[in-house]
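Below are the sequence and a predicted model; questions follow.
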Amino acid sequence: TSGEWKTVKLGHIFKERTERAKGNETLLAVTISNGVQRRDEIDLKDNSSDDKSNYKCVYIGDIAYNTMRMWQGANGISPCDGIVSPAYTVLMPKQEINNGYFAALFKSVTLINEFRKNSQGMTSDTWNLKYPQIETIKVQIPSVSEQDKVSELFSDLDERIATQAQLVESLKKYKRGVVRTLLSPKHCKLKNVEWTTAKIGDIGTFIKGAPLSKADISSDGTPFILYGELYTTYNEVISKVVRKTQASVDKQYYSQIGDVIIPTSGETPEEISTASCVMLPDIILAGDLNIYRCTQVDGRIMSYILNHVVNDRIARVAQGKSIVHVQATEISKIEITYPDLISQKKLIETFDAITARIDQSMRELELLQVHRKALLQQLFI
């Protein structure tokens, strides 16, 4: 940007809004990813029965932030009038500014570092950045007209990112629908498909994964997979492994191409009803994994069946409360219906094509997010 810049304290730009709730105002929350939102639009705990007399009023255009999570970027502009938890701080402008500019500024590396330094407490669990700590922080700001330009830039970019994220979610939903349709004898439109029904345990065998954990991760060594990564890192088919270990295990724990791995434990029945097919040899399969090997069904097809066709049945046989477990003996009893090997290959080609489109869209989304982060660093030095 061009024009004159000036150095001011945030306390000269904002004052704290301390007005308290009056009645049935709209309840708002501040999230790290999406800023200020209506609480009924996001998946948060139900606060409907709480005493809201101490909640803080917030008006459209105000900036609200989470005092415990400001250093993570938990702030944003309120889209409407409402109230927020007493754990939040509400800022209202004392002079003419572009709030969009400051919402972006508050997420920049420069300001995040200042928030860290000014927060009370020594750990991330006790950081507490209230208005007295905010008002002393100095920032360099351009004219309001330049603020408008920066705000418009980020607004356009955020809209593009949101559109791309929606495309990714739509493609994932489309893929789930295609998988369920094509793996259903009733709905599959492929011609000349021969379907077979059998119990999972009758057409393959299970073994438990190697007794390794996160403590065995190293910077080099043999590639290996931990059960928790099926929830966070891998999808239905694994063609690249991110972890390595120096540990030595028996040969039975090394993957064969087409092995299907299923976690033996998780936090919820829905979480545990997942699976991945390992399309790489000699990967150590470890940490609370059931390893399934079958010659009659391609591992990729089995993975799709477990994830999208019989996942609800796996969830039903899971046991436990705080930690949910599923036994290979229970999965073995589940009946599946699968197509002949020639049809399986055709289906895999279709699923791979959709997956490639999703991966491409996700890479585009990641590039947009990296671009936004770089702009935050460059514009607010």
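Right, received. Where do you want to start?

buried sites along the least confident helix or strand in the chain by mean pLDDT?
In the chain, no helix or strand scores lower on mean pLDDT, DSSP states H and E than helix 269-272, which sits at a mean of 75. By 16 or more other C-beta atoms under 10 Å, the buried positions in helix 269-272 come out as 269, 272. C-betas here are computed from N, CA, C, even on glycine.

which helices and strands does it pack with?
Applying 3 or more C-beta pairs under 8 Å, 6 or more residues apart in numbering; DSSP states H and E, we find helix 269-272 packed against helix 311-317, strand 324-325.

which one of the ones you listed lies closest to residue 87?
strand 324-325 (31.2 Å; C-beta to C-beta).

Taking the centroid of the chain, which residue is nearest it?
Centrality entry for the chain: nearest residue to the mean C-alpha point is residue 232, 8.0 Å, by C-alpha atoms, centre = their mean.

if I look at that one, how far off is residue 260?
18 Å (C-beta to C-beta, to the nearest Å).

same question, residue 29
Distance from residue 29 to residue 260, counting by C-beta to C-beta: 40 Å.

that older thread, hey, least reliable of the helices and strands packed on helix 269-272 by pLDDT?
Mean pLDDT across those is lowest at strand 324-325; the value there is a mean of 81.

could you point out which element follows that strand?
helix 328-332 (DSSP states H and E).

the more surrounded of residue 29 and residue 260?
A side-by-side neighbour count of residue 29 and residue 260, using other C-beta atoms under 10 Å, places residue 260 first with 26 against 23.

wait, the more buried one sits on residue 294?
Yes: look at residue 260 against residue 294 with C-beta atoms under 8 Å: they come within range, at 7.4 Å.

related to what we said a few turns ago, for residue 178, find the nearest of the helices and strands packed on helix 269-272.
helix 311-317 (15.7 Å).

what residue ranges in the stretch 201-350 of the chain score low on pLDDT?
322 (pLDDT under 70).

how about the helices of it, start to end?
Counting by DSSP state H, counting those that start in this stretch, the stretch 201-350 of the chain has helices at residues 229-232, 269-272, 299-308, 311-317, 328-332, 341-379.

Can you spell out which helices and strands pack onto the third one?
With contacts taken as 3+ C-beta pairs under 8 Å, 6+ apart, helix 299-308 sits against helix 144-182, strand 259-263, strand 276-278, strand 335-339, helix 341-379.

tell me which residues in the shortest one are buried?
Of the residues in strand 276-278, those with enough neighbours to count as buried (16+ other C-beta under 10 Å) are 276-278.

what's it in contact with?
Under the criterion C-beta atoms under 8 Å, 6 or more residues apart in numbering, residues 225, 230, 234-238, 255, 257-261, 285, 299-300, 302-303 lie in contact with strand 276-278.

Now, of those residues, which are buried?
225, 230, 234-238, 255, 258-261, 285, 299-300, 302-303.

How about residues contacting the least confident helix or strand of the chain?
231, 263, 265-266, 311, 314-316, 318, 324-326.

10 Å instead?
With contacts defined as C-beta atoms under 10 Å, 6 or more residues apart in numbering, helix 269-272 is touched by 227, 230-231, 262-266, 311-312, 314-320, 323-326.

Now distance to residue 40 too, for the helices and strands packed on helix 299-308, in a markdown table please.
Formatted as a markdown table, the helices and strands packed on helix 299-308 follow (distance: least, C-beta to C-beta, whole Å):
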| stretch | distance to residue 40 |
| --- | --- |
| helix 144-182 | 20 |
| strand 259-263 | 33 |
| strand 276-278 | 35 |
| strand 335-339 | 39 |
| helix 341-379 | 27 |
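
closest to residue 118 out of those?
It's helix 341-379; of those, that one is closest to residue 118 (C-beta to C-beta) at 19.1 Å.

list the helices and strands that closest one packs on?
helix 99-105, helix 109-118, helix 144-182, strand 237-238, helix 299-308, strand 335-339 (3 or more C-beta pairs under 10 Å, 6 or more residues apart in numbering; DSSP states H and E).
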